[in-house]
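Model the structure of this input:
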Amino acid sequence: MRSLVKVADARSAYGVNLVESPENGAYDAIILAVAHREFIALGATKIHAYGREEHILYDLKYGLPVDDSDLRL
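This is a model prediction of the structure:
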């Protein structure tokens, strides 16, 4: 997946260190906070794959079908 944010900008403006590529099975929570085409194209199965065995997928922007996320705004 290509980066949608400049790494240096995120670090200087927000103190956030971005990862080049998310690791499968590594996250307790996944927050879909923007409905970028790249995220929607991944689909729920690939997004869920980033989570640990027990994780939460919070879809803030209704980018996924309602049954594919655990919480919605």
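
What's the end-to-end length of stretch 66-73?
11 Å (C-alpha to C-alpha, to the nearest Å).

Could I get the buried residue list for that stretch?
residue 69 (16 or more other C-beta atoms under 10 Å). For every residue, glycine as well, the C-beta is placed using N, CA and C.

distance between the one helix or strand residue 42 maps to and the chain's centre?
Assigned by DSSP states H and E, residue 42 belongs to helix 37-49. Relative to the chain's own centre, helix 37-49 is displaced by 8 Å; criterion: C-alpha atoms, centre = their mean, to the nearest Å.

do stretch 59-68 as well
12 Å.

Quick one: mean pLDDT for it?
Stretch 59-68 shows a mean pLDDT of 94.

Straight-line length of that stretch, end to end?
Terminal residues of stretch 59-68 are spaced 9 Å apart (C-alpha to C-alpha).

longest single strand anywhere in this structure?
Longest strand in the chain, counting residues (DSSP state E): strand 51-59.

Buried by neighbour count: which residues of that strand qualify?
For strand 51-59, a neighbour-count test (16+ other C-beta under 10 Å) marks 51, 57, 59 as buried.

And stretch 40-53, by the same measure?
42, 44, 47-48, 50-51.

now the angle between helix 37-49 and the longest strand of the chain, please.
When axes from the mean of the first three to the mean of the last three C-alpha atoms, to 10 degrees is applied, the directions of strand 51-59 and helix 37-49 differ by 140 degrees.

Check the offset of strand 51-59 from the chain's centre.
Relative to the centre of its chain, strand 51-59 is centred 10 Å away, using C-alpha atoms, centre = their mean.

Next secondary structure after it?
Using DSSP H and E, the helix or strand that follows strand 51-59 in sequence is strand 71-72.

Each with direction, which strands does that next one pair with?
Paired neighbours of strand 71-72 in the sheet (DSSP bridges): strand 51-59 (parallel).

who's in contact with the strand it pairs with?
Outside strand 51-59, the residues within contact range by C-beta atoms under 8 Å, 6 or more residues apart in numbering are 25-32, 44, 47-48, 64, 68-73.
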